[in-house]
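[1] what follows is a predicted structure for the sequence shown.
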Amino acid sequence: MTTNTAPLLTIDDLTALPDDDGNTYELLEGELIVSSAPSIRHQRVIKNLTTALDNYLAQTPIGEVLPTPGVIFDRHNSVIPDIVFVTNEQLGQIGSDPHIRLAPALAVEVVSPGSENARRDRVSKVKVYGKFGVGEYWVADPVARTVEIYRPAEGALVLAATVGGDEELTSPLLPGFACKASRVFGTG
């Protein structure tokens, strides 16, 4: 029995793709992931969480929150998280590079509709983010109205907590930060 495996794509292959067609292109372990523009609900969750993080960082200037940056881990892994938080030390390492080429302290994905998107955010990206040393990973689910928090344990990211409703989203990476899950989804 013969199995055909497609060659792994690299970040060089991404440069040949259109940049003005309304899609985003990511690579996960050399596999091309194409996503269309996010929904209004998706964008509101990004806005609400970015605002909460920005308000916190205005009082506690330990880094910067960036919406939808390009993050390049290696030749076969290039992602565009919905939000990242990078520390001041990491900002110095990024310099003027148009992409982030290190593991951010925090990456956030908002789940788009569809089981494939949910699987990618909760399985594939958890593995890739853990492999490259992302400090913490949040998955915001607008349908369930919950935020899953993945933290490092034994060389991988594992689900540490799920918060919803009036429960507070907190992180040891962000001392003193607290945001009710309901606020992330626009009701708190």
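    Great, that's in hand.
[2] how about the strands of this protein, start to end?
    Along the chain, counting by DSSP state E, strands occupy 24-28, 31-35, 63-67, 71-74, 77-79, 83-87, 106-110, 136-141, 146-153, 156-164, 168-169, 179-180.
[3] of those strands, flag the one that's most buried.
    Highest mean neighbour count among the strands of the chain (mean count of other Cβ atoms under 10 Å): strand 106-110, with a mean of 25. The C-beta positions use only the backbone N, C-alpha and C, and glycine is treated the same way.
[4] turn the strands of the chain into a markdown table, columns for mean pLDDT and distance to D12.
    Listed next are the strands of the chain as a markdown table, based on pLDDT from 0 to 100; distance: least, Cβ to Cβ, whole Å:
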| stretch | mean pLDDT | distance to D12 |
| --- | --- | --- |
| strand 24-28 | 91 | 10 |
| strand 31-35 | 90 | 13 |
| strand 63-67 | 96 | 24 |
| strand 71-74 | 96 | 11 |
| strand 77-79 | 96 | 10 |
| strand 83-87 | 98 | 23 |
| strand 106-110 | 97 | 23 |
| strand 136-141 | 98 | 27 |
| strand 146-153 | 97 | 30 |
| strand 156-164 | 97 | 28 |
| strand 168-169 | 98 | 37 |
| strand 179-180 | 98 | 39 |
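[5] turn the ones you listed into TSV, including distance to I46.
    Below are the strands of the chain laid out as TSV (distance: least, Cβ to Cβ, whole Å):
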stretch	distance to I46
strand 24-28	13
strand 31-35	14
strand 63-67	6
strand 71-74	16
strand 77-79	15
strand 83-87	6
strand 106-110	6
strand 136-141	8
strand 146-153	13
strand 156-164	17
strand 168-169	14
strand 179-180	14
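[6] nearest to L53, of those strands?
    strand 63-67 (4.2 Å; Cβ to Cβ).
[7] isn't Y129 right next to V139, touching?
    No: contact between Y129 and V139 fails when scored by Cβ atoms under 8 Å: they sit 10.4 Å apart.
[8] hmm, back to that, relative to A118, which of the strands of the chain is closest?
    When the strands of the chain are ranked by proximity to A118 (Cβ to Cβ), strand 136-141 comes first, at 7.7 Å.
[9] distance from that closest one to the middle of the chain?
    7 Å (Cα atoms, centre = their mean, to the nearest Å).
[10] before we move on, what about stretch 51-63?
    Stretch 51-63 has its C-alpha centroid displaced from the chain centroid by 18 Å (Cα atoms, centre = their mean).
[11] no more questions from me, cheers.
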